[in-house]
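Student: Here's my sequence, what's the structure:
(one chain, ligands or ions: 2)
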Amino acid sequence: MALSALGEPCVLLKLGEVVLKGDNREVFEQRLQANIRAALKEFGFKVDVRQRHGVIALFLPEGTSVETADAVARRVSYVPGLVWIHRAWRVAKDPEAVTKAAIELLADREDVKRGVSFAVRSRRRDKRFPLTSMQLDRQVGGAINDTYGLPVDLRRPELTVSVEVDRDEVFVHTDGLAGQGGLPVGSSGRALVLMSGGIDSPVAAYRMMRRGLRVDFLHFSGIPFTTSESIYKAYALVRALEKFQGRARFWVVPFGKAQQSIKASGQDRLAVIAQRRLMLKTAEEVAHRIRAGALITGDSLGQVSSQTLQNITAQDDAVDLPILRPLIGLDKSEIIAEARRIGTLEISELPDEDCCTLLAPRRPETAAKIDDLKLIERRLDAEELAVQLADSLQEYKPEG
Ligand code: ATP
Ligand code: MG
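Tutor: Ligands and ions are numbered 1, 2, ... in the order given. Coordinates of the predicted model:
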């Protein structure tokens with residue numbers, strides 16, 4: 001396709017850790033490209049995903065508006081595996097075209113009207129270009145200075161205009177959007193998230209998606225002894241997290257009756273940990289059925305009595321699968337800040353009746369003994385109960 005002198009809007013993506021992947025790199029890149037294509041399906045037009053040396057370029061259909069290109073850039077900024085997303089002009093390999101594109105790029109920008117300092121940074125992935133990087137910097141910089149009167153600051157510019165000379169074309173762009181970083185979803189396998197309606201578990205899910213896991217979700221509801229609010233919250237949280245990984249499955253376990261049996265066993269102070277172990281056993285059963293290789297929780301060390309070191313040890317003992325706890329070393333304020341950034345905080349803060357309130361002893365045990373827990377479980381026949389609970393799942397899907 002011949003490129004007109006004015007060029008076309010496109011989107012340029014900088015990869016994160018994928019570039020460290022040595023021999024496996026191609027597999028990771030292909031996974032990332034597939035995830036990008038899936039994320040862009042909603043636009044309804046074909047996006048041409050081109051792997052270049054260390055970057056991915058998204059070519060949009062001819063005549064795509066700048067606004068649409070911006071929307072594409074925003075959408076891919078949620079896809080894990082990318083560190084920078086630039087809305088760029090793609091122009092012919094000709095210094096005049098590059099200069100024109102740079103001028104065009106800065107038109108109507110508020111910071112340009114304010115007179116910000118700037119620098120041009122050129123890179124040549126193809127050394128056959130008629131100008132060296134330095135000559136290109138000077139030519140483009142001179143033209144920007146003539147047109148807009150902006151001061152050059154090579155050390156600490158407020159605005160950077162980047163010129164990337166590639167094999168078939170040149171990309172011109174400014175700062176862009178920060179991506180999520182991490183690895184492409186699916187490149188690390190599958191896991192099952194224990195999803196409450198709270199603040200922590202959605203952040204834990206996000207963190208593990210960003211490490212390349214594809215996740216599904218399991219929620220324990222106190223029904224028939226609580227309302228369904230927690231289900232709706234957990235459901236809304238799952239849907240809010242789909243912008244990062246695409247479709248996820250969401251199952252609810254009706255847990256109220258099992259909780260009553262735990263309560264009836266009389267060991268009040270151990271009830272919370274006994275219930276957590278039953279949740280984990282049930283989740284492990286579900287994980288086996290969907291071939292997930294790990295469980296994920298939002299535990300953070302010492303945050304509540306069930307998250308002391310002894311109680312975490314007692315929870316690990318309940319299952320064979322690894323329990324991933326990405327928030328273990330984070331403060332609540334850090335978790336809240338991340339929940340706000342990824343758009344789950346508002347949902348988590350809605351009121352609900354968590355199933356955990358059914359079993360809230362006044363003085364919960366902070367150092368549960370595994371033998372005591374096993375005794376309760378023998379009386380409950382916890383292994384069999386976990387299988388029954390896994391059989392009683394209900395899946396909640398979006399309509400249509
Ligand atoms: P969160 O904000 O995620 O609810 P929390 O600070 O309230 O966490 P706990 O209630 O002790 O802490 O829960 C610890 C973890 O156990 C949660 O992060 C979640 O992974 C899991 N969990 C707790 N309750 C439920 C539930 N009703 N359904 C599924 N998982 C749950
Ligand atoms: Mg909770």
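Student: and the longest helix along the chain, what other elements does it pack with?
Tutor: In the chain, ranked by residue count with DSSP state H as the criterion, the top helix is helix 271-290. Helices and strands in packing contact with helix 271-290 are listed as strand 189-194, strand 213-221, helix 256-264, strand 295-296, helix 309-316, helix 370-380, helix 382-391; criterion 3 or more CB pairs under 8 Å, 6 or more residues apart in numbering; DSSP states H and E. All C-beta atoms are positioned from the backbone trio N, CA, C, and that covers glycine.
Student: can you list these in CSV and add mean neighbour count?
Tutor: Listed next are the helices and strands packed on helix 271-290 as CSV, based on neighbours: other CB atoms under 10 Å:
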stretch, mean neighbour count
strand 189-194, 22
strand 213-221, 24
helix 256-264, 17
strand 295-296, 25
helix 309-316, 18
helix 370-380, 16
helix 382-391, 17
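Student: could I get these as TSV with distance to residue 246 and mean pLDDT?
Tutor: Conversion of these to TSV gives the following (distance: least, CB to CB, whole Å; pLDDT from 0 to 100):
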stretch	distance to residue 246	mean pLDDT
strand 189-194	13	98
strand 213-221	8	98
helix 256-264	32	92
strand 295-296	17	98
helix 309-316	30	96
helix 370-380	37	94
helix 382-391	25	97
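Student: rewinding a little: then the longest helix of the chain to PDB, C-alphas only?
Tutor: The C-alpha atoms that make up helix 271-290 are tabulated as PDB, following Å, rounded to 0.1, in the frame of the first residue of the first chain:
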ATOM      1  CA  ALA A 271     -15.500 -21.200  62.500                       C
ATOM      2  CA  VAL A 272     -14.000 -18.500  60.300                       C
ATOM      3  CA  ILE A 273     -10.900 -20.600  59.400                       C
ATOM      4  CA  ALA A 274     -13.000 -23.800  59.100                       C
ATOM      5  CA  GLN A 275     -15.200 -22.000  56.600                       C
ATOM      6  CA  ARG A 276     -12.200 -20.700  54.700                       C
ATOM      7  CA  ARG A 277     -10.800 -24.200  54.400                       C
ATOM      8  CA  LEU A 278     -14.100 -25.400  53.100                       C
ATOM      9  CA  MET A 279     -14.100 -22.600  50.500                       C
ATOM     10  CA  LEU A 280     -10.600 -23.600  49.400                       C
ATOM     11  CA  LYS A 281     -11.500 -27.300  49.200                       C
ATOM     12  CA  THR A 282     -14.500 -26.500  47.100                       C
ATOM     13  CA  ALA A 283     -12.500 -24.200  44.900                       C
ATOM     14  CA  GLU A 284      -9.900 -26.900  44.400                       C
ATOM     15  CA  GLU A 285     -12.500 -29.300  43.300                       C
ATOM     16  CA  VAL A 286     -13.800 -26.700  40.800                       C
ATOM     17  CA  ALA A 287     -10.200 -26.000  39.700                       C
ATOM     18  CA  HIS A 288      -9.600 -29.600  38.800                       C
ATOM     19  CA  ARG A 289     -12.800 -29.700  36.700                       C
ATOM     20  CA  ILE A 290     -11.800 -26.600  34.700                       C
END
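Student: Could you say which helix or strand holds the residue in the chain that ligand 2 sits nearest to?
Tutor: Scanning the chain for the residue nearest ligand 2 gives residue 198, at 3.6 Å (criterion: CB to the ion). Assigned by DSSP states H and E, residue 198 belongs to neither a helix nor a strand.
Student: how near is the nearest residue to it once chain neighbours are set aside to residue 80?
Tutor: Counting by CB to CB, 6 or more residues apart in numbering, residue 198 lies nearest to residue 348, which is 5.8 Å off, once chain neighbours are set aside. Per CB to CB, to the nearest Å, residue 348 is found 21 Å from residue 80.
Student: shaky segments in the stretch 51-200 of the chain?
Tutor: Of all residues in the stretch 51-200 of the chain, none has pLDDT under 70.
Student: which bits of the stretch 51-200 of the chain sit near ligand 2?
Tutor: Taking CB under 5 Å from the ion as the criterion, the stretch 51-200 of the chain approaches ligand 2 at residues 196, 198.
Student: ok, back up a step: doesn't residue 349 make contact with the residue of the chain closest to ligand 2?
Tutor: No - Residue 198 is not in contact with residue 349 according to CB atoms under 8 Å; the separation is 9.5 Å.
Student: of these two, who's got more company?
Tutor: For residue 198 versus residue 349, the count of surrounding residues by other CB atoms under 10 Å is larger for residue 198: 21 against 14.
Student: Could you pull up the residues touching that one?
Tutor: Neighbouring residues of residue 198 by CB atoms under 8 Å, 6 or more residues apart in numbering: 298, 348, 354.
Student: go with 10 Å
Tutor: Taking CB atoms under 10 Å, 6 or more residues apart in numbering, we find residue 198 in contact with 230, 233-234, 237, 298, 335, 339, 344, 348-349, 352, 354, 356.
Student: go on, residue 254?
Tutor: Residue 254 is in contact with 220, 221, 222, 223, 224, 225, 231, 355, 389, 392, 393, 394, counting by CB under 10 Å, 6+ apart.
Student: what's the distance between stretch 272-291 and the middle of its chain?
Tutor: Averaging C-alpha coordinates over stretch 272-291 and over its chain gives two centres that are 24 Å apart (CA atoms, centre = their mean, to the nearest Å).
Student: Any part of it near ligand 2?
Tutor: No - on the criterion CB under 5 Å from the ion, stretch 272-291 is out of touch with ligand 2, staying 10.6 Å away.
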